[in-house]
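Student: let me see the structure of the following:
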Amino acid sequence: MNERQNLAVVAAVPTEPEATLIVGELTQRGIRAVTDGVYTAGHWAIAPGVVRVLVNKDDLDRAKEVMAAMHTERDNIDWSQVDVGEGE
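Tutor: Numbering: from 1, shown residues only. Here you go, the predicted structure:
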């Protein structure tokens, strides 16, 4: 059986860096994830691509929970307390 047949999309994002962050977070939490569509994303403004984050179908529910937690954590950041460095 083809290994890709057992994969499911947990996220679709417009850029490779965003997909890489998601894969990293999922990996840290013990979920194997890969990207698909990296070569098509961002090449043409008139036909933007998308990068999909794929996980094993057996991990899909847990991966969705991680994604929800990531969104909650991001929404709870107090940006007034984040040091972004000096402006130019």
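Student: quickly find the element holding the nearest residue to D36 once chain neighbours are set aside.
Tutor: Using C-beta to C-beta, 6 or more residues apart in numbering and skipping residues adjacent in sequence, the residue nearest D36 is R52, 4.6 Å away. All C-beta spots, glycine's among them, are computed from the backbone N, C-alpha and C. Per DSSP states H and E, R52 falls inside strand 51-56.
Student: so which residues make contact with the next helix or strand after that strand?
Tutor: Following the chain from strand 51-56 toward its C-terminal end, the next helix or strand by DSSP H and E is helix 60-75. Applying C-beta atoms under 8 Å, 6 or more residues apart in numbering, the set of residues contacting helix 60-75 from outside is 8, 10-11, 22, 25-26, 29, 31, 33, 55.
Student: which parts of the strand holding R52 are buried?
Tutor: For strand 51-56, the neighbour count (16 or more other C-beta atoms under 10 Å) marks 51-56 as buried.
Student: so which of the residues you listed comes closest to P17?
Tutor: V51 (9.2 Å; C-beta to C-beta).
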